[in-house]
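Undergrad: I'd like to go over a predicted model; first the sequence, then the structure.
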Amino acid sequence: MSLHTIRTYGHPVLRSVAAEVTDIDAKVVSLADRMIEVMYAAPGVGLAANQIGVQRRIFVYDIGDGPVTVINPEIVESDGEWTYEEGCLSVPGLSWEITRPDRVHLVGRDLDGNEISIETDEFESRVFQHELDHLNGVLLIERLDEDQQREAKRVLRQRSIDLRATGDPDGLGLLGQA
Ligand code: NI
């Protein structure tokens with residue numbers, strides 16, 4: 001599988017908890033570059049390292065102000081509630097209304113090892129929570145309520161049959177959303 005292939009629903013790497021980055025070296029910098037490339041090509045607004053098969057705690061995002069890399073991200077505070085229609089590059093072509101905390105305080109490191117501390121709400125906060133979930137092996141399906149989850153699993157079962165039938169196991173032919 002290519003280093004640029006986004007792993008999709010059903011791939012075990014999406015269920016694994018990514019490991020802490022202990023050393024921000026040239027490898028980490030080139031991984032971040034590759035992730036940004038893949039994110040823009042998809043196109044998407046965020047990407048976690050395990051989505052391209054690398055089990056390290058790194059995500060990248062761009063909500064319109066240029067690409068940002070966050071290493072060892074952690075949400076140290078969250079507050080409020082916001083419902084928003086959320087999609088995922090690893091579950092291509094599908095989206096659901098999901099309620100999560102509205103405001104979060106994210107901390108982590110940038111590529112120079114400097115501390116990052118961002119307090120934000122709504123869309124940016126949603127991206128942080130979604131990408132951090134990826135690094136913890138959690139897909140957005142698990143954030144759905146019971147009824148939504150049952151319906152989602154039915155659609156995904158059908159989808160994986162469709163993907164095999166079209167010879168497109170990674171679902172790349174269906175990409176095109178955030
Ligand atoms: Ni995602």
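TA: On my side now, so go ahead.

Undergrad: setting aside sequence neighbours, what's the nearest residue to the residue nearest in space to the middle of the chain?
TA: The C-alpha lying nearest the average C-alpha coordinate of the chain belongs to E131 (Cα atoms, centre = their mean; 3.8 Å). Using Cβ to Cβ, 6 or more residues apart in numbering and skipping the chain neighbours, the partner closest in space to E131 is F59 (3.8 Å). From N, CA and C alone the C-beta is placed, and that goes for glycine too.

Undergrad: please apply the same query to H134.
TA: Sequence neighbours aside, A48 is the residue nearest to H134 in space, at 3.4 Å (criterion: Cβ to Cβ, 6+ apart).

Undergrad: which residues does that neighbour contact?
TA: By Cβ atoms under 8 Å, 6 or more residues apart in numbering, the residues touching A48 are A18, I58, F59, E131, H134, L135.

Undergrad: that one pairs with what?
TA: For A48, the beta-bridge partners under DSSP bridges are F59.

Undergrad: any idea how far V155 is from the closest residue to D62 other than its chain neighbours?
TA: Closest residue to D62 apart from its sequence neighbours, by Cβ to Cβ, 6+ apart: V45 at 6.3 Å. From V45 across to V155, the span is 23 Å (Cβ to Cβ, to the nearest Å).

Undergrad: the two: which is more packed in?
TA: V45 (22 against 12; other Cβ atoms under 10 Å).

Undergrad: could you report the pLDDT at the more buried one?
TA: Looking at V45, its pLDDT is 96.

Undergrad: thanks a lot, see you next time.
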